[in-house]
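In: predicted model follows, preceded by the sequence.
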Amino acid sequence: MLAKLRVGVLASGRGSNLQSLIDQSLAGKIDAQIVLVASNKADAGALDKAREAGIATRVLDHRNFGSREEFDGAMVAALREAGVELVLLAGFMRLLSPVFLDAFPQRIMNIHPALLPAFPGLNVQRQALEYGARFSGCTVHFVDGGLDTGPIIIQAAVPILENDTEESLAARILVEEHRIYPRAVQLFAEKRLRIEGRRVRIEPEADPVESALVNPALAE
Ligand SMILES: Nc1nc2c(c(=O)[nH]1)N[C@@H](CN(C=O)c1ccc(C(=O)N[C@@H](CCC(=O)O)C(=O)O)cc1)CN2
Ligand SMILES: NCC(=O)N[C@@H]1O[C@H](COP(=O)([O-])[O-])[C@@H](O)[C@H]1O
């Protein structure tokens, strides 16, 4: 029996992506064990979800640190103490400095609610609606020194409907987020991801739809 991948999740909000990861882990669908959930917000709903699942939690308020680097150093220490091998950002609203990136090289993933490189940053659904895009979606990517610029692992597309609001679009995208984030973690756990410059190769070659835009009807 191989040891499960030890995962740490960083979240600043309600934690629905965390919950989908917890559920998939408990169901044995991903060979990963979430060993720590950390947040910069003491009132993050993600912390309650972690506690309900019996997962260790840590709150590090960034306002209590003299610099971004000091905050990142404390977060890295907490993750290392928990023996974390892969860090997942799931609505974590702090930019990571090189202190963090250097501590977990090619071992930090993020979920973003758009088809990067379109619509990086914040207020993502509003950006897509105001642009008049016909499709949006979500992206799991490795985190690098830029903002939402890291190598893309998996994406999923959803249509933007005539009467969509930020909320209705976000809800449609979230369904796909909850599907592709666990899938990206499992690919990592299976050591099937190889970063080649900007590209992430999935080995052995995944079904073509799996490594590109994933059509939920085809990908299951
Ligand atoms: N080095 C990186 N760090 C992070 C990335 C990344 O790609 N590279 N992704 C973000 C997630 N994110 C959007 O997907 C994001 C998070 C936070 C911010 C931001 O502007 N944060 C401000 C504070 C905002 C606040 O506290 O409300 C800041 O850090 O000063 C933009 C995009 C996670 N980190
Ligand atoms: N720029 C980062 C970003 O916008 N991340 C987004 O925050 C939400 C967190 O929801 P959750 O707390 O329910 O998982 C998710 O939609 C995630 O894609």
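Out: Structure received. Ligands and ions are numbered 1, 2, ... in the order given.
In: what residues sit buried inside the strand or helix carrying residue 77?
Out: Take DSSP states H and E as the rule and residue 77 turns out to sit in helix 68-81. Across helix 68-81, burial judged by 16 or more other C-beta atoms under 10 Å covers 68, 71-76, 78-79. The way it works is simple: take the backbone N, C-alpha and C, and place the C-beta from them, glycine included.
In: where along this structure do the strands fall?
Out: Secondary structure of the chain (DSSP state E): strands at 5-10, 32-39, 57-59, 86-89, 108-112, 135-142, 152-159, 193-196, 199-202, 213-214.
In: circling back to that earlier point, near ligand 1 at all, the helix holding residue 77?
Out: No. For helix 68-81, no contact with ligand 1 is found by C-beta under 6 Å from any ligand atom; the gap never falls below 7.3 Å.
In: pull that helix out as PDB, backbone CA atoms only.
Out: Only the C-alpha atoms of helix 68-81 are listed here, as PDB (Å, rounded to 0.1, in the frame of the first residue of the first chain):
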ATOM      1  CA  ARG A  68       4.900  39.300   2.900                       C
ATOM      2  CA  GLU A  69       8.100  37.300   3.100                       C
ATOM      3  CA  GLU A  70       7.700  36.900   6.900                       C
ATOM      4  CA  PHE A  71       4.100  35.800   6.500                       C
ATOM      5  CA  ASP A  72       5.100  33.300   3.800                       C
ATOM      6  CA  GLY A  73       7.900  32.000   6.000                       C
ATOM      7  CA  ALA A  74       5.500  31.300   8.800                       C
ATOM      8  CA  MET A  75       3.100  29.600   6.400                       C
ATOM      9  CA  VAL A  76       5.900  27.500   4.900                       C
ATOM     10  CA  ALA A  77       7.000  26.400   8.400                       C
ATOM     11  CA  ALA A  78       3.500  25.300   9.300                       C
ATOM     12  CA  LEU A  79       3.200  23.300   6.100                       C
ATOM     13  CA  ARG A  80       6.600  21.700   6.600                       C
ATOM     14  CA  GLU A  81       5.700  20.800  10.200                       C
END
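In: what mean pLDDT does it have?
Out: Helix 68-81 shows a mean pLDDT of 98.
In: near ligand 1, which residues of the chain?
Out: 89, 92-96, 110, 112, 121-122, 143, 145, 147-148, 150.
In: now these: which count as buried?
Out: 89, 92, 94, 96, 110, 112, 143, 148, 150.
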